[in-house]
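*Asks:* My questions are about this predicted structure, shown below with the sequence.
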2 protein chains.
Amino acid sequence: MKKLINDASDVVADALRGIEAAHADRLRIDHDHQVILRADAPRAGKVGIVSGGGSGHEPLHGGFVGRGMLDAACCGQVFTSPVPDQVMAATTAVDAGAGVLHLVKNYTGDVMNFEMAAELAAAEGVQVEAVVIDDDVAVTDSLYTAGRRGVGLTVLMEKIVGAAAEEGLDLAGLASLARRVNASGRSMGVALTSCTVPHVGRPTFDLGEDELEIGIGIHGEPGRERRPMASAREVAAMLVEPVLADRDFTGAPAIVMLNGMGATPLLELYLMYGEVATLLREAGVEIARNLVGNYITSLDMAGCSLTVLGADDDMLRLWDAPVDTPALRWGL
Amino acid sequence: MKKLINDASDVVADALRGIEAAHADRLRIDHDHQVILRADAPRAGKVGIVSGGGSGHEPLHGGFVGRGMLDAACCGQVFTSPVPDQVMAATTAVDAGAGVLHLVKNYTGDVMNFEMAAELAAAEGVQVEAVVIDDDVAVTDSLYTAGRRGVGLTVLMEKIVGAAAEEGLDLAGLASLARRVNASGRSMGVALTSCTVPHVGRPTFDLGEDELEIGIGIHGEPGRERRPMASAREVAAMLVEPVLADRDFTGAPAIVMLNGMGATPLLELYLMYGEVATLLREAGVEIARNLVGNYITSLDMAGCSLTVLGADDDMLRLWDAPVDTPALRWGL
């Protein structure tokens, strides 16, 4: 294992010090609870938007804390759910009386720990709603998950719901919007290599030099199948077909993300986006907005994922709304 | 070799189609010459800023085309200088009568081909100035270079000079500013792994599982020395010390970039930034601005580089000025 780290057990704590050094003008770090907060949280009258999960998916979630997106992100250890205490600390820190929305990727540990934190917060008088994201069409019931896994749609969810919260939408309205987004989005990923968790020190799985893992999970969980290495055009079809088979995306504008898993060059991600966009258009999907780059990663895994969201006018407007975070910024 | 590509010889052409599909609202692609242009170029009264080089360093240069940064980027084949015809096409396309500034990384082929293009453009009545960037303190005279190599400072250069061009500074003033930036910036990189060029199909160099290449070039050229794998804290010192030994950065505000080589997780880059920032502050350097992430990469290489620019008030103001490109965006 070759990594730019000190002690493997200090990776998250050390990285949080670096994030603080880089973004002291916009973020506040609760080092005791390993929570990243907007410097100006809580905001009077605004519903707090809290997400989080295991570390190793950066920029998700911490890079999306800021105006128009998240109020707080809970950083678990690498590929490990945040504990209830962390989520509780984030929840109370961003509550300004209007309540807090938890956006939770569907992994059993995450769902359980966010639920426990919501109960603790409710006991202290904080109103909490939670929406679980389960957009991965690859498999049902996997290593860490009952049902479908939560993956790339989380990025689009945090942007759209965060924008609505910034505009002053109330807790019930935000939860309803988040459920609509979750119902309208689907994702599928592919891995060219495994990833290596620092405190494990060896690759999570083995993949032959001429093999692809189709439907990979963001923690290296197994996907649908192994296939021989193929051209970008063929790999694009392996991502587009299962997404379109799972939901009809014709007849409405779509927001499309072509996301890198961490170690795939941007040159290849743009090349893949070209192939994916061609296939989607041929299938009658109208791509209204797109995002290409590394937004929800799996440490040093090579590969990519496709997320398609069937968007209504409200979602498109919220997508375009100003966002000012370390990793996503526009419309300012 | 495992890459998300079709034919290795079509990588740049295919990627340009993807870039066009993703950014049709802001960029125009000259596919014949493989040049990325601002959609609104040429801009009346504005000096055109043109850069470029071999592909494989994305987002440099194409991701920095847009308001407040570059007017055009010439995309050579992977790790290969753009040819004079490409640079000539970019130069004439962005000239609005106020002349064109070439920002050239110091590699023999790049310098020669930009010079030939400048002569061709001059023959057509376009005023061209060129500034060569040579900020890498690692080595003098290497595989593709006489003198020092041009690396990370190019990102800061394109931002600062691009902002000044947007404000209407004339060609002589821009060239003078660019030379001041080049004189005031230094960089140093480290590789944990090699990279693999698509049309070569095997790693550019071999590096043992317990070795680092200190002073790596952005094409995998040899650095100063090999050292045993070390902690992030120790690697930070290997980057900071040669940079500070080469120029005195005390007594003036500094802009610091901690850049990823492509395959290093953002978690590690932030961790490294924390270590680097501590060492710089201990050495009396005042970090006024910072940038952490993948900005000038080497395909799928793992590693990072440090760039420090001793900035005057004018450079800081231009750094903060609005920029609106695919890969760098703020202050809008």
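*Replies:* Ah, there it is.
*Asks:* packing partners for the one helix or strand A:V132 maps to?
*Replies:* In this assignment (DSSP states H and E), A:V132 forms part of strand A:128-133. Using 3 or more CB pairs under 8 Å, 6 or more residues apart in numbering or on different chains; DSSP states H and E, the elements in contact with strand A:128-133 are strand A:100-105, helix A:108-123, helix A:153-167, helix A:171-184. Every C-beta, even on glycine, is put in place using the N, C-alpha and C of the backbone.
*Asks:* Strands of chain A, residue ranges please.
*Replies:* A:27-30, A:35-38, A:48-55, A:72-78, A:100-105, A:128-133, A:185-191, A:211-214, A:225-228, A:253-260, A:286-293, A:303-310, A:323-324, A:329-330 (DSSP state E).
*Asks:* State the distance from the nearest residue to A:A73 once chain neighbours are set aside to B:E211.
*Replies:* Nearest in space to A:A73, with sequence neighbours left out and distances taken as CB to CB, 6 or more residues apart in numbering or on different chains, is A:H61 at 3.7 Å. A:H61 sits 34 Å away from B:E211, going by CB to CB, to the nearest Å.
*Asks:* Pull the contacting residues for A:E158.
*Replies:* Neighbouring residues of A:E158 by CB atoms under 8 Å, 6 or more residues apart in numbering or on different chains: A:49, A:51, A:60-61, A:64, A:69-70, A:103.
*Asks:* what's the burial count for A:G284?
*Replies:* 11 (other CB atoms under 10 Å in any protein chain shown).
*Asks:* what about A:R317, distance to A:R289?
*Replies:* Taken as CB to CB, the span from A:R317 to A:R289 is 11 Å.
*Asks:* From the neighbour counts alone, determine which of these two ranks first.
*Replies:* When A:R317 is set against A:R289 and neighbours are counted by other CB under 10 Å, the residue ahead is A:R289, at 17 against 14.
*Asks:* Contacts only, for the more buried one.
*Replies:* A:R289 touches A:253, A:255-256, A:311, A:316, A:319-320, counting by CB under 8 Å, 6+ apart.
*Asks:* what's the nearest residue to A:R149 if we skip its chain neighbours?
*Replies:* Per CB to CB, 6+ apart, closest to A:R149 is A:D136, 4.0 Å.
*Asks:* ignore the last one, A:G45
*Replies:* A:A98 is the one closest to A:G45 (CB to CB, 6+ apart), at 5.9 Å.
*Asks:* So that neighbour sits against A:D71, correct?
*Replies:* No: using CB atoms under 8 Å, A:A98 makes no contact with A:D71, being 11.1 Å away.
*Asks:* If you count surrounding residues, which of these two has more?
*Replies:* A:D71 (31 against 20).
*Asks:* Which single residue in the stretch 201-332 of chain A comes nearest to chain B?
*Replies:* A:G274 (3.0 Å; CB to the nearest CB).
*Asks:* Give me the pLDDT value at that residue.
*Replies:* Looking at A:G274, its pLDDT is 98.
*Asks:* Take the strands of chain A and write them to CSV, including distance to A:T204.
*Replies:* CSV is the format used below for the strands of chain A (distance: least, CB to CB, whole Å):
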stretch, distance to A:T204
strand A:27-30, 28
strand A:35-38, 25
strand A:48-55, 13
strand A:72-78, 11
strand A:100-105, 18
strand A:128-133, 22
strand A:185-191, 10
strand A:211-214, 11
strand A:225-228, 15
strand A:253-260, 18
strand A:286-293, 23
strand A:303-310, 13
strand A:323-324, 32
strand A:329-330, 32
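*Asks:* quick revisit: name the residues contacting each of A:A98 and A:D71.
*Replies:* Counting by CB under 8 Å, 6+ apart, the residues touching both A:A98 and A:D71 are A:46, A:48.
*Asks:* In terms of neighbours, single out the busier of A:H61 and B:E211.
*Replies:* More crowded of A:H61 and B:E211, by other CB under 10 Å: A:H61, with 30 against 15.
*Asks:* Nothing else from me, thank you.
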